[in-house]
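> The following comprises the amino acid sequence and a computationally predicted model.
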Amino acid sequence: MTYSDPRDPRRQSPPTRAYSADPAGYPTNPPTQSGYTQPGHTQPGQSPAGYPAAPSPRGPSRRPDLDPLLFSGGVFMTGVVTGLAAWLIAWIIGLIARAVTATGQFGAWNPLDPGGEYWFALAGFLTALVGGALWYLLQLVTPTPDSFYRWIVGLLIIAAFVVPLAADGDIWRGLATGVMHVCIGIPVLSLIPTMGNRSKQRH
């Protein structure tokens, strides 16, 4: 009769799967309410390595991604260009009006008094600043700001041309005022969106 040594490795039963990874005899996976988790599975809210999952990123910001210095400078220069254009057109219209009046034609047509071109230059500069503020506001509250901006400014330009014709008893003076309003509105309509889009930061 042969003697069997209980310490012989061939006589020992193989370790179970749940306790093979820990020499102390404890499972490697954390327990759950129903027992032990299966290998390869993670708990909700944990990363695959067992760490808490990273918080979900916040939604996109509604603030337009603009370079404030470039945008401010662009709005200011748009005001300068609009003011210069308004001053030049007003000076030309006033010069023509005074020349026509001197010849005795069209009665006393003088839509712009001497020095009135400076008022239109100031009005053009302020209009450009308001246009820049409107474009920035539409960036915050509308999905297609450029389209809304062009519609709003375009309709305002049409109204600024028609209203003087209807309100002024002198058709020539009303026409000259309407032309001046259109000359002020065109740079604001075209330059502000272009300048604003060029001021957006590129990553």
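Right, received. Where do you want to start? Keep in mind that this is a model prediction, so the values were computed, not measured. Residues are numbered from 1 along each chain as shown.

> Any stretches of the chain with poor pLDDT?
Counting by pLDDT under 70, the chain shows low-confidence ranges at 1-64, 102-115, 202-203.

> try it again with 80
Within the chain, the ranges that satisfy pLDDT under 80 run 1-65, 97-116, 168-170, 201-203.

> Can you show me the helices along it?
With DSSP state H as the criterion, the chain has helices at 68-102, 116-141, 145-167, 171-198.

> in the third one, what's buried?
It stands for helix 145-167. Using 16 or more other Cβ atoms under 10 Å as the test for burial, helix 145-167 gives 145, 146, 148, 149, 150, 153, 156, 157, 160, 161, 164. Any C-beta I mention is one placed from the backbone N, CA and C, and that applies to glycine too.

> Run a quick neighbour tally on residue 93.
21 (other Cβ atoms under 10 Å).

> hang on, it packs against residue 178?
No: the pair residue 93 and residue 178 does not pass the contact test of Cβ atoms under 8 Å, sitting 10.9 Å apart.

> before we move on, the earlier item: of all the buried residues of helix 145-167, which two lie farthest apart?
When the buried residues of helix 145-167 are compared pair by pair using Cβ to Cβ, the farthest-apart members prove to be 145 and 164, with a separation of 29.4 Å.

> May I see the buried residues of helix 145-167 arranged in JSON lines, with distance to residue 189 as well?
Output for the buried residues of helix 145-167, formatted as JSON lines (distance: Cβ to Cβ, whole Å):
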{"residue": "145", "distance to residue 189": "14"}
{"residue": "146", "distance to residue 189": "11"}
{"residue": "148", "distance to residue 189": "13"}
{"residue": "149", "distance to residue 189": "8"}
{"residue": "150", "distance to residue 189": "7"}
{"residue": "153", "distance to residue 189": "5"}
{"residue": "156", "distance to residue 189": "9"}
{"residue": "157", "distance to residue 189": "7"}
{"residue": "160", "distance to residue 189": "12"}
{"residue": "161", "distance to residue 189": "13"}
{"residue": "164", "distance to residue 189": "18"}
